[in-house]
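Peer 1: Got a predicted structure here, sequence first:
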Amino acid sequence: MHLVASERIKLFSIATPWACGVFAVAALVVPATVTALTAGESRLPPTVASTQFGFQLGLVAVLVLGALAVTSEYHTGTIHGTFQAVPGRTPVLAAKAAVVAAYAFLLGEVAAFTAWFVARLLAPAADLALDSAADWTIVAGTGPVFALAAVAGAGVGLLVRYTAGAVALVVAYPLMAENVVQLIPRAGAAIHRWLPLNVVTKFLSGTGEANGGRDGGNAAVLSDSPLSPGWALAYFGAFAVLVLAAGITTARRRDA
């Protein structure tokens with residue numbers, strides 16, 4: 001437990017978690033506010049899914065948080081002291097990932113429920129009650145997804161080590177890479193079905209029940225993953241753990 005406490009102190013002694021946290025919450029709350037206020041003009045009534053429209057930007061913030069939690073130590077050189085204190089490296093890196101994941105989980109729950117609550121206040125006539133499993137999943141499920149994304153971000157940070165490269169990777173991948181893959185002739189669509197962020201969208205959105213059965217509109221486009229929502233979350237979890245394991249293995253084998 002002392003490793004977890006130490007990593008918690010180190011993480012919250014820098015500005016990164018606070019800045020990423022504010023951005024993650026704003027990324028969900030601002031679009032939910034706009035959607036609720038402009039529902040009449042767009043002729044698309046707000047849905048529970050539409051309150052989570054900013055999920056992808058929030059996810060980017062969490063990936064950046066995970067990466068910077070690692071690369072900031074390499075940048076300042078404090079990683080040397082960390083590895084001298086724990087020569088095995090694996091326990092301290094696992095503790096770092098656990099702290100970041102716990103914080104990301106909290107951010108996800110706060111951001112998702114705040115966005116839903118604000119939309120419900122601004123559009124009281126809309127059907128925004130959480131009265132189905134799909135409604136609860138798309139809101140409460142943000143926390144677990146953010147936690148796993150933070151773990152993957154930490155793994156990327158360990159693999160890349162340099163802040164600029166790690167941030168560029170975790171920003172470009174969710175915003176561009178998975179969509180670009182679909183442009184590959186013949187194989188693009190088949191590959192896209194198994195890409196991690198597309199798959200985890202299946203966990204959150206299912207078949208669109210929380211969006212009134214619509215695909216897109218004022219909510220995220222549905223995933224084309226063939227997995228069920230439960231297996232989609234497990235798949236994303238396995239991906240995050242593999243990235244972290246690769247990062248830890250690399251960190252153990254090379255000089256700090």
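Peer 2: That came through, no problem. All values reported here derive from a predicted model rather than from experimental measurement. Numbering: from 1, shown residues only.

Peer 1: any idea how far T90 lies from F203?
Peer 2: T90 sits 29 Å away from F203, going by C-beta to C-beta, to the nearest Å. In short, each C-beta sits where N, CA and C put it, glycine included.

Peer 1: no, scratch that, I was asking about P226
Peer 2: Distance, P226 to F203, using C-beta to C-beta: 13 Å.

Peer 1: ok so, going back, T90 and F203 - which one has more neighbours?
Peer 2: F203 (25 against 13; other C-beta atoms under 10 Å).

Peer 1: For that one, give me its contacts.
Peer 2: Contact partners of F203, counting by C-beta atoms under 8 Å, 6 or more residues apart in numbering, are T137, G141, V145, P229, G230, A232, L233, F236.

Peer 1: where does this structure dip in pLDDT?
Peer 2: 1, 40-43, 213, 215-217, 255-256 (pLDDT under 70).

Peer 1: Scan it for its longest helix.
Peer 2: Across the chain, the longest stretch assigned as helix under DSSP state H is helix 90-122.

Peer 1: Any buried residues in the following helix or strand past it, and which?
Peer 2: Counting by DSSP states H and E, the element after helix 90-122 in chain order, helix or strand, is helix 133-140. If you call a residue buried by 16 or more other C-beta atoms under 10 Å, then helix 133-140 has these buried ones: A134, D135, T137, I138, V139, A140.

Peer 1: Which secondary structure state does the closest residue to the fourth one other than its chain neighbours sit in?
Peer 2: In space, and not counting its chain neighbours, I138 is closest to A210: 4.6 Å by C-beta to C-beta, 6 or more residues apart in numbering. Counting by DSSP: H, G, I helix; E, B strand; the rest coil, the backbone at A210 sits in helix.

Peer 1: A210 reaches A49, doesn't it?
Peer 2: Yes. A210 is in contact with A49 according to C-beta atoms under 8 Å; the separation is 4.2 Å.

Peer 1: which neighbours do the two share?
Peer 2: In contact with both A210 and A49: I138, A219, using C-beta under 8 Å, 6+ apart.

Peer 1: Next one: F55 from L28, what distance?
Peer 2: Distance of F55 to L28, given as C-beta to C-beta: 7 Å.

Peer 1: Please say which of these two ends up with more neighbours.
Peer 2: Higher neighbour count among F55 and L28: L28, with 31 against 28, using other C-beta under 10 Å.

Peer 1: List the contacts of that one.
Peer 2: Counting by C-beta under 8 Å, 6+ apart, L28 has contacts T51, Q52, F53, G54, F55, L57, G58, A111, A112, T114, A115, T142.

Peer 1: What's the separation between it and E73?
Peer 2: Applying C-beta to C-beta, the value for L28 to E73 is 29 Å.

Peer 1: cool, A39 as well?
Peer 2: Counting by C-beta to C-beta - A39 and E73 are separated by 45 Å.

Peer 1: So for these two, which sits in the more crowded spot?
Peer 2: The neighbour count for A39 versus E73, taken as other C-beta under 10 Å, is higher for E73 (23 against 20).

Peer 1: Which of the three states applies to that one?
Peer 2: Look at E73: counting by three-state DSSP, its state is helix.

Peer 1: I figured it was touching G81, is that so?
Peer 2: No. Contact between E73 and G81 fails when scored by C-beta under 8 Å: they sit 9.1 Å apart.

Peer 1: Which neighbours do the two have in common?
Peer 2: With C-beta under 8 Å, 6+ apart applied, the contact sets of E73 and G81 do not overlap.

Peer 1: element containing V151?
Peer 2: Using DSSP H and E, V151 sits in helix 142-160.
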